Each structure stands twice: as C-alpha cells, then as structure tokens.
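# show me how the following folds:
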Amino acid sequence: MARITSQPQSFPQGLFSEDTVQNADLGAKASSSDGRAWRYVKAGAVALVAGSVFDGPASVANHTNITVAAAAAAGASQVTVTLGATAATANQYANGVMAINDADGQGFTYGIKSHPAAGSGATLVLTLNADETIQEALTTSSQVSLVANQYGGVVIHAATEAGVPVGVAIKDITAGSYGWIQTRGPVSALCAATTGIGLACSASDTTAGAYELGDGILSPIGYALAAGVATEFNPVFLTID
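Residues are numbered from 1 along each chain as shown. Okay, the predicted model is just below:
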C-alpha cells in the first residue's frame, strides 16, 4: 500500500476524506512511494466530481494590470492598489500573490496575507506575508496583478478556459469543503475524445472537466497511459505538479 509522505508538514486529513474544516495549508503537497502526488484544496461553489479536471479560480480581468494608489517604500508590508470595475471580497486574494507587472518594482512577486473587502473602482490595502516585504520601492506608476491562491475555491475545467488546470479530483467533495486532488502520476480521468497511448493530453476545449489530445495550445496535464475512449474515464499520467 502506498504511504503518503510530506515534508515538512504532516496532514491530519486522509486522502479520501473531506472536511468542512481546513486541516492544512491550501496547496500543501503530499506524495506517495509510487510517485503519485496530491494537493490540498477547497472546493468552489460546485462540488468536485471524481475523475474530472479542475482549475484554480478564474482570473479577474479588472484585478490585473491595475495601478498602485500610493508609493510603497522598500521594506513596506502593505501596498494600496486601485481596483478596476469589479469589487473584491474580504481576503479573496489571501494566500495568493501580487505580481508587479510594469514600471517600478516590476518582476517581483509577493505573497498576500490578508486584505479587507473593497468596492468596484475603490482602493484596496493588501497586507503582505511577514517575510515578503517590498524589495524595490513601488510608485504610482507601478502596475500589479492580483492572483488568487490556485487551490482555494477550485472549479471544474470549462470548455472555454478561464483558469489554469490544477489537478484531477480523486473523490467527490461537497462544494465549500476541503480535500485532495491529484497532480502527478497515474489517475482515472474523463476523456473527451479518442487519444493514443503515450500521447500528450491537455484540458479539453469541448467538454467540461475532461481531457483530450494535446494540441500544443491548451494547458497540458500529462500523457495517456492507454488509448482514450470518449466519455470514458481512462488512465492518464499527470504531470501538472
């Protein structure tokens, strides 16, 4: 029997269990002696279904490429940004990141600890992780993009891509509950169209929650371990993480 291991964190929640209480960091990784790996996630508004491909939260266009509202000196632990025409709920980006995408400080990425709610077009004060203070001063010319934790509120992969595939569900998990999805190694996954053994696979652009033959454009998830049959759950070797 495969043994789940992880460093440096131990996990009180079993691989095939779910809980309404969070028992590990979102995105925490566990692995087994047979090469499989899993990530700890929170289900989004819709339940997880075993064998389906799931994405991280969709990117919010009005929370990307936004401006810094007030200069932040090197060493600062808070950054104030101005949202676009979409409100932010409290801690929507907690445990996610702020990527500096243009002008002063560009190229740096910082972990977000917390923030309050903010309305459409309002300013939002982001508190950074204690060990990730600003390294290069930001000015009001700086632009940032907010990225939610990819394992908090995972959603089934849509035929029209809105997020990045983060794994395949290994069991049904109730919406809003916590559990594990698989990210590496052999797994049973929903096939959208015929594939050949050993061929690259990607998230499907025709069937929600499924994979299909990779085309070099859609997000890759792994390789077919058998000739895939449409509508069946066939073995795939995941290489997501």
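# quick one: secondary structure of the residue nearest the centre of the chain?
In the chain, the C-alpha nearest the mean C-alpha coordinate belongs to residue 150, at 1.8 Å (C-alpha atoms, centre = their mean). For residue 150, the secondary structure call by DSSP: H, G, I helix; E, B strand; the rest coil comes out as coil.
# thought it was touching residue 42?
No. Applying C-beta atoms under 8 Å as the test, residue 150 and residue 42 come out as separate, 11.0 Å apart. Where you see a C-beta, it was placed from the backbone N, CA and C, and this is true even at glycine.
# point out where the chain drops to low pLDDT.
Across the chain, residues meeting the criterion (pLDDT under 70) sit at 1-11.
# would you tell me which strand is longest in it?
Of all segments of type strand in the chain, defined using DSSP state E, the longest is strand 178-190.
# which secondary structure elements does the helix or strand following that strand contact?
Of the helices and strands lying after strand 178-190 in sequence (DSSP states H and E), the nearest is strand 200-203. Using 3 or more C-beta pairs under 8 Å, 6 or more residues apart in numbering; DSSP states H and E as the contact test, the elements touching strand 200-203 are strand 211-213, strand 220-224.
# tell me which strands and helices the first one is in contact with?
Where contact means 3+ C-beta pairs under 8 Å, 6+ apart, strand 211-213 is packed against strand 200-203.
# distance check, the residue nearest to residue 176 when sequence neighbours are not counted against residue 171.
Residue nearest to residue 176 in three dimensions, not counting chain neighbours: residue 43, with 6.0 Å by C-beta to C-beta, 6 or more residues apart in numbering. With distances defined as C-beta to C-beta, to the nearest Å, the gap from residue 43 to residue 171 amounts to 11 Å.
# between those two, which one's more packed in?
In this comparison of residue 43 against residue 171, neighbours counted by other C-beta atoms under 10 Å, the higher total goes to residue 43 at 24 against 15.
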